[in-house]
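[1] A predicted structure for the sequence below; I have some questions about it.
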Number of protein chains: 2
Amino acid sequence: MPKVEVCFSPELIHLFNLERKVVVVTDILRATSCMTAGIASGVAKIKPVATLEECSALKEEGYFTAAERNGGKVEGFDIGNSPYSYMEDRFKGKNIAATTTNGTLAITKSTAADEILIGSFLNLSTVANYLIKENKDVIIHCSGWKGNYSLEDTLFAGALIEKLTSAFGLGDDASFSAFASYKVAKNNLLETVLGSSHAKRLEKYDIKKDIELCCAIDKYDVLPFLQNGVLIKK
Amino acid sequence: MPKVEVCFSPELIHLFNLERKVVVVTDILRATSCMTAGIASGVAKIKPVATLEECSALKEEGYFTAAERNGGKVEGFDIGNSPYSYMEDRFKGKNIAATTTNGTLAITKSTAADEILIGSFLNLSTVANYLIKENKDVIIHCSGWKGNYSLEDTLFAGALIEKLTSAFGLGDDASFSAFASYKVAKNNLLETVLGSSHAKRLEKYDIKKDIELCCAIDKYDVLPFLQNGVLIKK
């Protein structure tokens, strides 16, 4: 029986062996929710990059640009980090280069894995069904906030583990706690996420509508994955 | 209302502001359980040190020595890391220098705090009552295993939070998950800890009796704290 492990922060991922594993990167508020919504809405490719400079430079290759720092949109880029922005008609069939505070780092730190998938509540069952079919060891890599633990990513990990329990064993202690956190929060998922430190941090940006969308389970049947440094639809 | 936060690993403690905080260091399997049992049983002072060399050198100052690496006792030292060893009659009124894989590191990384207390299930209510009386912000610093998350330390954090809820607010996302983990595990605490990765790692040392003791809630009414680099009774 394959195992599922949970890494609570990119600052801890060096303690995991990623070889021959499938890594599911999650950043519920909001990078991987954006990526899921974008790819589901017809964006052709999303290229995650670490710095604002790399993101900006990709304009010359025809990319639209998305940039967020500390929760806000960065001046001079097409969009910030709202999933609704990624769903705009003008991006259908186009490419977006994206840089965010946390989510893109978790992706770039996962490249030793066999496969990197993008997970969010929006595509929860699609991710789960794919993992069950693949039948390989899984690490759920939570993006956190500037290295620290974040509740909404943990809750996604717990929700995914709930869907995997019949086919996967719990591979570490963190998977127990992620599952426990989801059990306690699942009947009040939106309220719990709205009470998380990240949601409070973003209050000034008035993104309650974003957060509601990010907590919508199984809105899309789409599986973004990383191929040659770019996220595309599987 | 003061706040309680939880740090899941010494590798994340640099993300916390320790100033003017009380830090409760915990390493349930087994360093802080040993320290609690030892001080409760009459050990005068316990000096936590990082390396085997420092520990060994303290023999000349009349210290007994306790050394554990990777779960086992290190050759040439008086004892390893079993709480029963710390309770031996020969240590009454004496001093012990101790070095362990994880717990002593969490202590040395907490020194920017106002106060450092030693917490374990063995002195759970004593720690809680002291914190409520002090009425200052608290960080529960889990020692983990070689930098990674560990369930038994998280469960202690959750148990302590349960006792603090009427007097403290949850200060971060990790405190939510620690509390949730404890809620799910509390009716099967020993079984859950025996199923943790750390307990499995220690199986070869045949320490089930140690683990049972480490899960005994409120066996002692004692509060070890750090003063000038040495743990003594408050």
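    Ah, there it is.
[2] mind listing what the closest residue to A:Lys186 other than its chain neighbours touches?
    Once flanking residues are discounted, A:Lys186 sits nearest to A:Ala159: 7.3 Å by C-beta to C-beta, 6 or more residues apart in numbering or on different chains. All C-beta spots, glycine's among them, are computed from the backbone N, C-alpha and C. Residues near A:Ala159 by C-beta atoms under 8 Å, 6 or more residues apart in numbering or on different chains: A:121, A:124, A:182, A:186, A:217.
[3] likewise for A:Tyr86?
    A:Tyr86 is in contact with A:34-35, A:37-38, A:41, A:43, A:66, A:79, A:96, counting by C-beta under 8 Å, 6+ apart.
[4] let's see which of the residues you listed end up in helices.
    A:34-35, A:37-38 (DSSP state H).
[5] that older thread, which one of the contacts of A:Ala159 is nearest chain B?
    Closest approach between the contacts of A:Ala159 and chain B, by C-beta to the nearest C-beta: A:Tyr182, at 8.4 Å.
[6] what sits closest to the closest one if chain neighbours are left out?
    Ranked by C-beta to C-beta, 6+ apart and with sequence neighbours excluded, the top spatial neighbour of A:Tyr182 is A:Gly158, at 2.6 Å.
[7] what about that neighbour, neighbour count?
    A:Gly158 has 25 neighbouring residues, counting by other C-beta atoms under 10 Å in any protein chain shown.
[8] which of the ones in helices among the contacts of A:Tyr86 sit farthest apart?
    Spatial extent of the ones in helices among the contacts of A:Tyr86 (C-beta to C-beta) is set by the pair A:Met35 and A:Ala37 at 7.5 Å.
[9] in terms of neighbours, single out the busier of those two.
    Applying other C-beta under 10 Å to A:Met35 and A:Ala37 shows that A:Met35 carries more neighbours, namely 32 against 27.
[10] who touches A:Pro224 in this structure?
    Here A:Pro224 is in contact with A:35-36, A:39, A:46, A:117-118, A:123, A:231-234 (C-beta under 8 Å, 6+ apart).
[11] how about a cut-off of 7 Å?
    By C-beta atoms under 7 Å, 6 or more residues apart in numbering or on different chains, the contact set of A:Pro224 is A:35-36, A:39, A:118, A:231-233.
[12] same question for A:Thr101.
    Contacts of A:Thr101 by C-beta under 7 Å, 6+ apart are A:68-70, A:146.
[13] between the ones in helices among the contacts of A:Tyr86, which is nearest A:Phe176?
    When these are compared for distance to A:Phe176 (C-beta to C-beta), A:Met35 wins out at 27.8 Å.
[14] which parts of the helix or strand where A:Tyr84 lies are buried?
    Element membership for A:Tyr84, per DSSP states H and E: helix A:83-86. For helix A:83-86, the neighbour count (16 or more other C-beta atoms under 10 Å in any protein chain shown) marks A:83, A:85-86 as buried.
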